[in-house]
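*Asks:* when you get a sec, could you give me coordinates for this:
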Amino acid sequence: MDWTALRSPDPSDPRADGLRERKKRQMRQQLSDTATTMFIQHGFDAVRVVEIAAACGVSEKTVYNYFPTKESLLLDRWDTTLTSLQTGLADPELAPTRAALRILSDELHGLTSWMAAQDDVVAAGNLIRRFGTLVSATPALRAHQRDMTDRLIAVAAAVLADRARMSPDEPEPQIAATALLGLWQIQFNSLTRYLDGTRTPTQIHGAVSDDVARAAHIIEVGLASLDLAAYHR
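*Replies:* Okay, here's the model as predicted:
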């Protein structure tokens with residue numbers, strides 16, 4: 001089962017990696033994909049890390065060498081999102097909302113492209129819905145996701161504050177970063193709504209993108225009052 005669509009695309013070029021790095025990346029993906037499958041089949045709390053290790057033919061220590069927590073085995077895409085945010089929001093030629101929309105579009109494209117490549121698109125959509133249900137129904141995963149969102153907000157606030165020559169603790173970059181990260185929840189909610197088995201992956205992509213763009217427009221109006229070049233505190 002290919003779960004790569006549930007994570008952000010890896011920005012690194014695999015052709016530039018050495019053999020050792022490719023093997024490490026493949027092992028990391030195998031561990032995450034195996035864990036995700038087992039969690040969805042049996043429930044997050046019912047599966048132990050040692051069982052995931054056994055299924056992959058490695059030791060429990062090896063799993064923790066790649067993933068610091070059990071939760072990160074499932075919710076590992078945030079690391080790539082963080083890197084993308086740091087790069088995108090720092091681009092002075094790109095408005096913050098445009099940067100966020102570009103990242104979200106890439107993530108959505110990866111997912112809908114994966115769906116389109118499956119023999120049974122409806123079944124693929126149901127798997128994604130089950131993934132979302134698992135996260136929503138598991139307190140430990142919800143807490144991990146909140147922690148990662150807080151981390152992303154802190155990073156986004158720091159980058160926006162640097163652009164505006166402000167302190168990241170000031171209210172303007174804080175609320176701007178919080179609003180921008182809210183777009184990820186909008187995309188998740190919209191995706192869940194449109195994965196109803198009646199739409200093609202292309203239609204899902206279009207409908208979700210439209211919802212996210214509508215939300216981003218509201219944020220953009222507010223960010224217009226934060227002239228990133230005008231603050232010199």
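*Asks:* could you list the alpha-carbon positions for stretch 96-104 in CSV?
*Replies:* Extracted in CSV, the C-alpha atoms of stretch 96-104 (Å, rounded to 0.1, in the frame of the first residue of the first chain):
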residue,chain,number,x,y,z
PRO,A,96,2.4,35.0,2.4
THR,A,97,-1.0,33.7,1.3
ARG,A,98,0.4,32.9,-2.2
ALA,A,99,3.3,30.9,-0.5
ALA,A,100,0.8,29.0,1.7
LEU,A,101,-1.5,28.3,-1.3
ARG,A,102,1.5,27.0,-3.3
ILE,A,103,2.5,24.5,-0.6
LEU,A,104,-1.1,23.4,-0.1
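*Asks:* list the buried residues in it.
*Replies:* Neighbour counts over stretch 96-104 (16 or more other C-beta atoms under 10 Å) mark 96-97, 99-101, 103-104 as buried. Backbone N, C-alpha and C define where each C-beta goes, glycine included.
*Asks:* which residue ranges form the strands in this protein?
*Replies:* Here the chain has no strands by DSSP state E.
*Asks:* which of the helices and strands in it ranks last by mean pLDDT?
*Replies:* One helix or strand of the chain scores below all others by mean pLDDT, DSSP states H and E: helix 78-89, with a mean of 88.
*Asks:* all helices of this protein, in order?
*Replies:* According to DSSP state H, the chain carries its helices in the segments 19-42, 49-56, 60-66, 70-74, 78-89, 96-117, 121-137, 139-164, 171-194, 201-223.
*Asks:* let me know which of these is tucked in deepest.
*Replies:* helix 70-74 (a mean of 22; mean count of other C-beta atoms under 10 Å).
*Asks:* state the mean pLDDT of that helix.
*Replies:* Mean pLDDT, computed over helix 70-74, is 92.
*Asks:* contacts for that helix?
*Replies:* Helix 70-74 is contacted from outside by 31-32, 35-36, 39, 44, 49, 52, 63, 67, 134-135, 140-141, 143-144, using C-beta atoms under 8 Å, 6 or more residues apart in numbering.
*Asks:* who does the least confident helix or strand of the chain touch, helix- and strand-wise?
*Replies:* Helix 78-89 sits against helix 96-117, helix 139-164, with contacts defined as 3 or more C-beta pairs under 8 Å, 6 or more residues apart in numbering; DSSP states H and E.
*Asks:* list the residues that contact D210.
*Replies:* Contacts of D210 (C-beta under 8 Å, 6+ apart): none.
*Asks:* low pLDDT regions in this structure?
*Replies:* Along the chain, segments meeting pLDDT under 70 span 1-17, 224-233.
*Asks:* rerun that using 80 as the cut-off
*Replies:* Applying pLDDT under 80 to the chain flags residues 1-18, 76-79, 221-233.
*Asks:* isn't T200 up against V121?
*Replies:* Yes. The criterion here is C-beta atoms under 8 Å, and T200 meets it with V121 at 7.1 Å.
*Asks:* burial measure for A46, as a count.
*Replies:* Using other C-beta atoms under 10 Å, A46 has 10 neighbouring residues.
*Asks:* which phi and psi does it have?
*Replies:* Phi and psi for A46, reported as degrees, to the nearest 10, are phi -80, psi -10.
*Asks:* and the gap between it and S32?
*Replies:* Noted for A46: a distance of 18 Å to S32, by C-beta to C-beta, to the nearest Å.
*Asks:* one more: A55?
*Replies:* Applying C-beta to C-beta, the value for A55 to S32 is 12 Å.
*Asks:* one step back: so of the contacts of helix 70-74, which two are at opposite extremes in space?
*Replies:* L31 and A143 (21.3 Å; C-beta to C-beta).
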